[in-house]
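Chemist: have a look at this fold, sequence not included:
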């Protein structure tokens with residue numbers, strides 16, 4: 001949306017999702033002997049991570065012949081959803097020398113942090129009326145995410161966003 005002398009507002013949305021796998025390694029004390037910890041390892045799968053972002057930007061742009069460009073910056077509202085490892089269950093029997101992980105349950109957690117973004121785009125308009133274009137856009141966005149699987153769990157911190165590069169076709173009206 002154009003406001004005044006090259007200034008405008010941009011609103012965008014993006015979403016990314018991926019399934020993750022990994023390994024969990026645990027060490028638990030022996031219930032009968034001191035200084036004799038037991039270890040176990042298990043593969044985990046079926047965990048998911050998704051990140052949605054709404055970008056609200058103030059932009060400055062100009063056109064020079066068939067080229068149309070803009071620089072922008074603004075706020076980004078993230079929605080992060082992740083499956084985190086909950087308390088594993090164990091198989092153990094007397095004399096408790098062996099430890100095996102029976103299950104690795106997950107807990108779905110979410111956080112909705114606010115951050116910022118900066119970027120730019122460059123389009124080439126073609127056709128007689130220059131109503132169609134092709135272009136590229138580069139954006140960097142970031143926010144700090146805090147996730148916790150339960151009240152006694154350790155808080156996990158990660159950065160949402162990052163560098164994104166996109167290309168596409170545009171219709172101008």
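Modeler: Sure thing, it's come through. Everything numeric here is computed off the predicted structure, so don't read it as measured data.
Chemist: tell me how far residue 74 lies from residue 114.
Modeler: 11 Å (Cβ to Cβ, to the nearest Å). For glycine as for every other residue, the C-beta is placed from the backbone atoms N, C-alpha and C.
Chemist: and what of residue 68?
Modeler: 30 Å.
Chemist: for these two, indicate the residue with more neighbours.
Modeler: residue 68 (19 against 11; other Cβ atoms under 10 Å).
Chemist: now the more buried one, nearest residue through space, not along the chain?
Modeler: Nearest non-adjacent residue to residue 68, counting by Cβ to Cβ, 6 or more residues apart in numbering: residue 123, 4.3 Å away.
Chemist: so the one you found, which state does it fall into?
Modeler: Secondary structure state of residue 123, per DSSP: H, G, I helix; E, B strand; the rest coil, is strand.
Chemist: pretty sure it contacts residue 67?
Modeler: Yes: in this structure residue 123 lies within contact range of residue 67 using Cβ atoms under 8 Å: 7.2 Å.
Chemist: check which element follows the helix or strand hosting residue 135 along the chain.
Modeler: Per DSSP states H and E, residue 135 falls inside strand 132-147. Per DSSP H and E, the first helix or strand lying C-terminal to strand 132-147 is strand 156-171.
Chemist: pull the number of nearby residues for residue 43.
Modeler: When counting by other Cβ under 10 Å, one arrives at 10 neighbours for residue 43.
Chemist: could you measure from residue 31 over to residue 90?
Modeler: 11 Å.
Chemist: ok, the two, which is more surrounded?
Modeler: Shown here are residue 31 and residue 90; by other Cβ under 10 Å, residue 90 has more neighbours (14 against 11).
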